[in-house]
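Chemist: Need coordinates for the below:
(chains A and B)
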There are 2 protein chains.
Amino acid sequence: MALLVCGSIGIDTVHTPDGDSRENVLGGSCTYFAAAASFFGGVRLVAAVGEDFPPDLRRTFDKFPEIDLRGLEVRKGSKTFRWGGKYLANMDQRESLFTELNVLGEEAPPIPAAFADSTLVFLANAHPGRQMAILEGTPHRRLAVADTMDLWIKIAKDDLVGLLTRVDGLVLNYDEGELLTGKKNTVAAGRAILKMGPRFVVIKKGEHGCILVHKDGIAALPAYPTDNVVDPTGAGDTFAGGMMGRLAQMEAGSAGRDLGSFESVREAIVSGTVVASFTIEKFSLDRLVEIKVGDIGKRAAEYAAMLRVG
Amino acid sequence: MALLVCGSIGIDTVHTPDGDSRENVLGGSCTYFAAAASFFGGVRLVAAVGEDFPPDLRRTFDKFPEIDLRGLEVRKGSKTFRWGGKYLANMDQRESLFTELNVLGEEAPPIPAAFADSTLVFLANAHPGRQMAILEGTPHRRLAVADTMDLWIKIAKDDLVGLLTRVDGLVLNYDEGELLTGKKNTVAAGRAILKMGPRFVVIKKGEHGCILVHKDGIAALPAYPTDNVVDPTGAGDTFAGGMMGRLAQMEAGSAGRDLGSFESVREAIVSGTVVASFTIEKFSLDRLVEIKVGDIGKRAAEYAAMLRVG
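Modeler: As a prediction, the model looks like this:
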């Protein structure tokens, strides 16, 4: 009964369209995911940083005591992953200014023996071969969900297609869904992905919300509408963290519940949507550090009321 | 206690990305609007066609007995508005192949005296000066809502800004909202439009649903998720027709109700969303001709269930 995430921890530099920027702030898929999931219960993190990882960034994790850091490797002689990017005016598109893989380009960090009994597994964006290795290392998993990106669809599609026969769900962006399937219509892309193996796919559309295409149903949900968008970095990972964190919370509350059912996942993506709506309000994890579980509950209630129709 | 719409009736030629097409089918903003609104009660139509308007297209209106055609002028010596367009692969963008204004470029059709007591008025897309004249002709209106398009924002912005001080609501597309306000964020664009005068604005995002920005609140609602998209023509006008038709139905049910309130409009755009989801399933009005009120109710219930969270 535990949620595990494997992915990146990074040092980010972010420029926004209004000329504001932050240098060397905490980032990475695993970081955002784990912080978001931790509002719903414990989350086990597996990631590697280099010797250069700054103590002040490390201390940010102390603000999220539900993150189990036994899987955080500080690798001797290595450097931490670094990424720099600039958002374009609509905040939905960005260009990468630099990407230094560093430790991400080396051997994957090991899964601690204490984490082998994890039941929910999230494979954050990584080469699908590396994601597959995580599956092998978590034999007790009840639900495995993967993220991916355009790069892997382009250069490792066979590995990705192989991975899709082994996971319960896939989370990916709108344009990645089209790239993977050749279908422009989101529902059609989702149906095509289900034919590749998973029971469900969540297609993220940024400010336009997301669509869940599941073997047992389809649901479209809007993003929380706001004009308070400072930095969209990590919104997708936070979405996934809120979703998986909520599923882990459901498992804790009801051991027999089918976590991959249409209803379970639909309920969970609401949590993902709400937590992601906080992430974008400040740079890096600055907003997630501030909020409490009660803030998430309050906004979730507001979101539910907005969608109560008929 | 009656809904009036002024706009175009056209003869359309439509090409879809899969190579299918229809020539000389019924179209026009008023046509789609009135057909959609008629599922909720009576709707008064004010529009002009030319002598060339084919009897078989005219007979389509007989399928919608709730449309009051006393304002339909068949103008001697004139020709009907014609439009031809081609949808691009994503179905959300299209290019116009030809536009023959014909009677639309002449004097506006008069509002019949019997329609002067209309309480709800929808000003379908037209030059804002012409839209303003309709307002003058409906002194008993309780709620006036306008549509517009990029052309008027570009060539008649002052007239449009003047109109916005006189209407309760505006309905427009995503990109038109940005063009009018310079704001890329939809909520920010909506807030900027409210400063121009209206009490609410509904920003339509096609497959991504819509956002209601109202002086008393904000709501985002998704489109009904589907991969059955044959011809998007008229989706926006049908949306507006379902919305205004539902508001007219509310007025009929409760004379004192504030039709422009956040809750009234939010409830009404659900009806617009649902009726629009049928329009796109076939060419022209072919699907609206087939469906019954019960079909709309059934899909509305399904849509409400999809959005029932928390």
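Chemist: show me what contacts the most centrally placed residue in chain A?
Modeler: Nearest to the mean C-alpha position of chain A, by Cα atoms, centre = their mean, lies A:Asp237 at 2.7 Å. For A:Asp237, the contact set (Cβ atoms under 8 Å, 6 or more residues apart in numbering or on different chains) comprises A:7, A:29-33, A:36, A:124, A:147. Where you see a C-beta, it was placed from the backbone N, CA and C, and this is true even at glycine.
Chemist: With A:Thr238 instead?
Modeler: A:32-33, A:35-36, A:272, A:275-276, A:278-279, A:288.
Chemist: Would you state the predicted confidence (pLDDT) at it?
Modeler: pLDDT, A:Thr238: 98.
Chemist: Which of the contacts of A:Thr238 sits closest to chain B?
Modeler: Nearest to chain B among the contacts of A:Thr238 is A:Gly272, at 11.7 Å by Cβ to the nearest Cβ.
Chemist: hang on, isn't that closest one packed against A:Gly242?
Modeler: Yes - assessed by Cβ atoms under 8 Å, A:Gly272 is found in contact with A:Gly242 at 3.8 Å.
Chemist: before we move on, the earlier item: now the contacts of A:Thr238 as CSV including neighbour count?
Modeler: Conversion of the contacts of A:Thr238 to CSV gives the following (neighbours: other Cβ atoms under 10 Å in any protein chain shown):
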residue, neighbour count
A:Tyr32, 32
A:Phe33, 33
A:Ala35, 29
A:Ala36, 33
A:Gly272, 30
A:Val275, 32
A:Ala276, 28
A:Phe278, 23
A:Thr279, 29
A:Leu288, 24
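Chemist: Just flag the most distant two among these.
Modeler: Longest distance between any two of the contacts of A:Thr238 is 14.2 Å, between A:Phe33 and A:Phe278; criterion Cβ to Cβ.
Chemist: Among the contacts of A:Asp237, which ones are in strands?
Modeler: A:Asp147 (DSSP state E).
Chemist: The contacts of A:Asp237 in helices, which ones?
Modeler: Counting by DSSP state H, the part of those found in helices is A:29-33, A:36.
Chemist: what does the stretch 101-250 of chain A have sitting close to chain B?
Modeler: A:184-188, A:191, A:205, A:207-209, A:211, A:218-227, A:229 (Cβ under 8 Å from any Cβ of the partner chain).
Chemist: out of those residues, which are buried?
Modeler: Buried subset of these (neighbour count, 16 or more other Cβ atoms under 10 Å in any protein chain shown): A:184-188, A:191, A:205, A:207-209, A:211, A:218-226, A:229.
Chemist: Restricted to helices, list these.
Modeler: Judged by DSSP H, the subset of these located in helices is A:186-188, A:191.
Chemist: is it possible to export those residues to a markdown table including pLDDT?
Modeler: A markdown table is the format used below for these (pLDDT from 0 to 100):
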| residue | pLDDT |
| --- | --- |
| A:Thr186 | 96 |
| A:Val187 | 97 |
| A:Ala188 | 97 |
| A:Arg191 | 98 |
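Chemist: Among the residues you listed, give me the pair with the biggest separation.
Modeler: A:Thr186 and A:Arg191 (9.8 Å).
Chemist: Overlap of the contact sets of these two?
Modeler: Joint contacts of A:Thr186 and A:Arg191 (Cβ under 8 Å, 6+ apart) are A:Val213.
Chemist: Who is the nearest residue to A:Phe200 once chain neighbours are set aside paired with across the strands?
Modeler: Leaving aside its chain neighbours, A:Phe200 sits nearest to A:His214 (4.0 Å; criterion: Cβ to Cβ, 6 or more residues apart in numbering or on different chains). Beta bridges link A:His214 to A:Phe200, A:Gly217, judged by DSSP bridges.
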